[in-house]
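Asks: Here you go, sequence then predicted model.
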Amino acid sequence: MTELKRELGVFSCTLLVAGNMIGIGIFVTAGRITFNLPDPKWILLAWVFGGFLSLAGALVYAELSSRFPRAGGGYVFLREAFGPLLGFLSGFSSSIVTLPGAAAFLAIGVTKYAGILDPVIAKTVAIALIVSISMVNYWGVKLGADLQDSFMVFKFLLIFLLISAGVLSGNGSLQNFSISQPLPYSLWVAFPLAMVPIMYTYSGWDATVYVAGEVKNPSRTIPISLFFGTLLVTFTYLALTSLYIYALPVTSSENQVKIVTAAGNVFFGPRVGGWIGWIVSLSVLGCLSATILTGPRVLYAMAKDNLFPHVAFEVHPTFATPGKAILIHGALACLLALTGTFNQLLDYVTVPSLFFATLAALGLFVLRAKNHADPQARPYLSFGYPVLPALFICGMSWIILRTVLTSYRDSLWGLAIVLMGIPLYFIWTQRSARVFHKPYASVQEEDLVQIPSDLTRHPEKNYLALPEAQEALGKMCSEAVKEGVRIVVISSYRTLEFQKAYFEDAEKRHGKGKGAKWVAPSGYSEHHTGYVFDLADLGRPETDDEPSFESTPASDWLKGNAGRFGFELSFSKGNGQGVGFEPWHWRFIGSPKAKAVFYKK
């Protein structure tokens, strides 16, 4: 089974963070900020505070991603810290609304600043951009990263030239830094309100955690990229904000719309200033590329955990990318761009996005307390723990609380969107594309092969499986041994007669009608297929048939690596199938034939 390739290095990951952050916000949010904070010193302080919170969040996410160097970002962290439901709600709101909505918003933004006024042409161009960049990423993560790198180098060059030329023009005024107006609210109300568009502009500092499964040496690369990418953007935002104030006082009505174009008119005149829109357009295009590179990985991670159609978990056999997830994400973005519903949706999910980022930071305390991480992971220990994570949580909570109290209607709509995921979660866990409770034909024993005795708990017993499943099992166990983990088989193929006796015994032990929670009735056991194994840790024989197997090195290793060999866990926690949690029960789906046994066609 094809797996994701680790091809992204420090340079590409750092530019990915910067590219995902610098989009359209820094060029258009001045109006909302100056309305709430019409004072240059408070505006600059707010941008500094936003950079501080983003850096603190980046350090938190750096440790989280080093603990779980897999694709999926915040969804993975919340699931590991607080369970699948909270993880699903985070992944649902981000993968279905926030990320494709952001892609649609950015694609339309490119056309807007490129001067395309006709709405039909604008939407056509926007959809064409989404499709084109999605296909580049479909053809390879390195190809998508190279495209992103090119956008970012060009973007920083243009921003540097804009700042330098603006200052050298001498057409601004330093007096603008001392011009202000009284605040419309008390500072304790006005400051967090201004922080909402600022934090939206800073959003994206977590970009590389979404593609953690494709990053080289993630425990080193991701922390470096998150820190330096966020720091680079913080200085860039402070420079651009200072340039705007240098061009126009905060009392100017031109601060309310297209501040960068208005500043360009002051520095260079209307003829040259009109071209500034193209700089914005190219900047937004780079952010669009970063969003399309990162967004599909949430769908991929959810599908891997059986919380989204399994098709999104498929890795392209040639390009080694989550191809189907990229296509689904692109289709959602195109739909939102076509219907024009993304603006309101993004307003609604702003507070939930901040909430889940804050909750992920809280999850770091939980994960440290449990000492929980993927096997073989080398966690980077967050600088400033526990002070910086606590400050991040407090700062974000303050912003969220003041925003909810002031913009309660949008906040309630955002809450409604998130809560809509709760019934979907339970519907999905019970009525997914999977068919767990269906009769399985027992394969012919002459089609089975014997599992090597060194891979079994009891070498004297005869364990059987279909050849392709046995071959994949051997490769997986060999790889685990290289990493110091010994996985053994305690059960594999079972006949109908064996399962019947096993089920009848379970009915006696647990009560009539309750035995199926522990043992499938004859004909309904996956073990009849020849693709299923009950696995155990060689050094922990006492956990062979107890959920405590979950705490063993073998179980930890399987959770992080079994998917690479075509295996998945059949019965996870809270699976909603009336089946108890079975951390040892793994099935092979690494071929079309095997997959067809367990999934609807």
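Replies: In hand now; what should we look at? Residues are numbered from 1 along each chain as shown.

Asks: for this protein, what spans make up the strands?
Replies: Remark: strands assigned in the chain by DSSP state E are 449-450, 464-465, 487-491, 532-537, 567-569, 585-588.

Asks: Adding mean neighbour count and mean pLDDT, write the ones you listed out as a markdown table.
Replies: Using the backbone N, CA and C atoms, a C-beta is placed for each residue, glycine as well. A markdown table is the format used below for these (neighbours: other Cβ atoms under 10 Å; pLDDT from 0 to 100):
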| stretch | mean neighbour count | mean pLDDT |
| --- | --- | --- |
| strand 449-450 | 14 | 93 |
| strand 464-465 | 21 | 94 |
| strand 487-491 | 23 | 91 |
| strand 532-537 | 25 | 90 |
| strand 567-569 | 22 | 87 |
| strand 585-588 | 24 | 90 |
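
Asks: and residue 96, which of the ones you listed is closest to it?
Replies: For residue 96, the closest of these is strand 567-569, at 22.8 Å, according to Cβ to Cβ.

Asks: Out of the strands of the chain, which is closest to residue 293?
Replies: Evaluated with Cβ to Cβ, those place strand 567-569 nearest to residue 293, the distance being 25.7 Å.

Asks: any chance of the strands of the chain in TSV, with distance to residue 331 too?
Replies: Output for the strands of the chain, formatted as TSV (distance: least, Cβ to Cβ, whole Å):
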stretch	distance to residue 331
strand 449-450	42
strand 464-465	38
strand 487-491	39
strand 532-537	34
strand 567-569	25
strand 585-588	30
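
Asks: Could you point out which of these sits nearest residue 8?
Replies: Using Cβ to Cβ, the nearest of the strands of the chain to residue 8 is strand 567-569, at 25.4 Å.

Asks: just checking, what packs against that closest one?
Replies: Under the contact definition 3 or more Cβ pairs under 8 Å, 6 or more residues apart in numbering; DSSP states H and E, strand 567-569 sits against helix 553-561, strand 585-588.

Asks: and of the ones you listed, who's closest to residue 202?
Replies: helix 553-561 (30.9 Å).

Asks: pLDDT averaged over the closest one, what's the number?
Replies: Helix 553-561 carries an average pLDDT of 84.

Asks: hang on, the earlier thing: nearest to residue 404, out of the strands of the chain?
Replies: strand 567-569 (37.7 Å).

Asks: ok now that closest one, how far from the chain's centre?
Replies: Mean C-alpha position of strand 567-569 versus that of the full chain (Cα atoms, centre = their mean, to the nearest Å) differs by 21 Å.

Asks: give me every residue that touches the nearest residue to residue 310 once chain neighbours are set aside.
Replies: Of all residues not flanking residue 310 in the chain, residue 303 sits nearest, at 5.5 Å (Cβ to Cβ, 6 or more residues apart in numbering). Residue 303 makes contacts with 309, 310, 311, 312, 313, 325, as judged by Cβ atoms under 8 Å, 6 or more residues apart in numbering.

Asks: make it 6 Å
Replies: Residues in contact with residue 303 (Cβ atoms under 6 Å, 6 or more residues apart in numbering) are 310, 312, 313.

Asks: Now the buried members of those.
Replies: 310, 312, 313 (16 or more other Cβ atoms under 10 Å).

Asks: number of nearby residues for the closest residue to residue 91 other than its chain neighbours?
Replies: The shortest distance from residue 91 to any non-neighbouring residue, by Cβ to Cβ, 6+ apart, is to residue 75 (3.6 Å). Residues near residue 75, counting by other Cβ atoms under 10 Å, number 31.

Asks: Hmm, residue 298 and residue 75 touching each other?
Replies: Yes - Residue 75 is in contact with residue 298 according to Cβ atoms under 6 Å; the separation is 5.3 Å.

Asks: For the two, list the residues in contact with both.
Replies: Taking Cβ under 6 Å, 6+ apart as the contact rule, residue 75 and residue 298 both touch residue 91.

Asks: Touching, residue 522 and residue 497? I think so.
Replies: No - using Cβ under 6 Å, residue 522 is not in contact with residue 497, being 7.7 Å away.

Asks: Please report how far residue 319 lies from residue 12.
Replies: 17 Å (Cβ to Cβ, to the nearest Å).

Asks: coming back round to it: quick check: which of the strands of the chain is nearest to residue 115?
Replies: Among the strands of the chain, strand 567-569 comes nearest to residue 115, with 49.8 Å by Cβ to Cβ.

Asks: which residues are contacting that closest one?
Replies: 586, 588, 589.

Asks: Quick one: these as JSON lines, columns for distance to residue 213 too.
Replies: Formatted as JSON lines, the contacts of strand 567-569 follow (distance: Cβ to Cβ, whole Å):
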{"residue": "586", "distance to residue 213": "20"}
{"residue": "588", "distance to residue 213": "21"}
{"residue": "589", "distance to residue 213": "19"}
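
Asks: Burial check on residue 149, number of neighbours?
Replies: By other Cβ under 10 Å, the burial measure for residue 149, its neighbour count, is 18.

Asks: Quick check: it touching residue 15?
Replies: Yes - under the criterion of Cβ under 6 Å, residue 149 makes contact with residue 15 at 5.3 Å.

Asks: thinking again about what came up before, which pLDDT does the model give the residue nearest to residue 310?
Replies: pLDDT, residue 303: 82.

Asks: again with residue 432
Replies: As predicted, residue 432 sits at a pLDDT of 50.

Asks: can you give me the helices for the stretch 251-400 of the chain?
Replies: 259-273, 276-294, 296-304, 323-339, 342-370, 387-406 (DSSP state H, counting those that start in this stretch).

Asks: now for those, which one comes closest to residue 582?
Replies: helix 296-304 (17.8 Å).

Asks: Would you mind writing the CA trace of the closest one as PDB?
Replies: Taking C-alpha atoms only, helix 296-304 is exported to PDB below (Å, rounded to 0.1, in the frame of the first residue of the first chain):
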ATOM      1  CA  PRO A 296      -6.700  18.100   2.100                       C
ATOM      2  CA  ARG A 297      -4.500  16.500   4.800                       C
ATOM      3  CA  VAL A 298      -7.300  16.900   7.400                       C
ATOM      4  CA  LEU A 299      -9.700  14.900   5.200                       C
ATOM      5  CA  TYR A 300      -6.900  12.300   4.700                       C
ATOM      6  CA  ALA A 301      -6.300  12.000   8.500                       C
ATOM      7  CA  MET A 302     -10.100  11.800   9.300                       C
ATOM      8  CA  ALA A 303     -10.600   9.100   6.600                       C
ATOM      9  CA  LYS A 304      -7.600   7.200   8.100                       C
END
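
Asks: mind listing what's buried in that helix?
Replies: Result for helix 296-304 [16+ other Cβ under 10 Å]: buried residues 296, 297, 298, 299, 300, 301, 302, 303, 304.

Asks: just stretch 460-478 next, same as before
Replies: Buried-residue list, stretch 460-478, by 16+ other Cβ under 10 Å: 463, 464, 465, 466, 468, 469, 470, 471, 472, 473, 476, 477.
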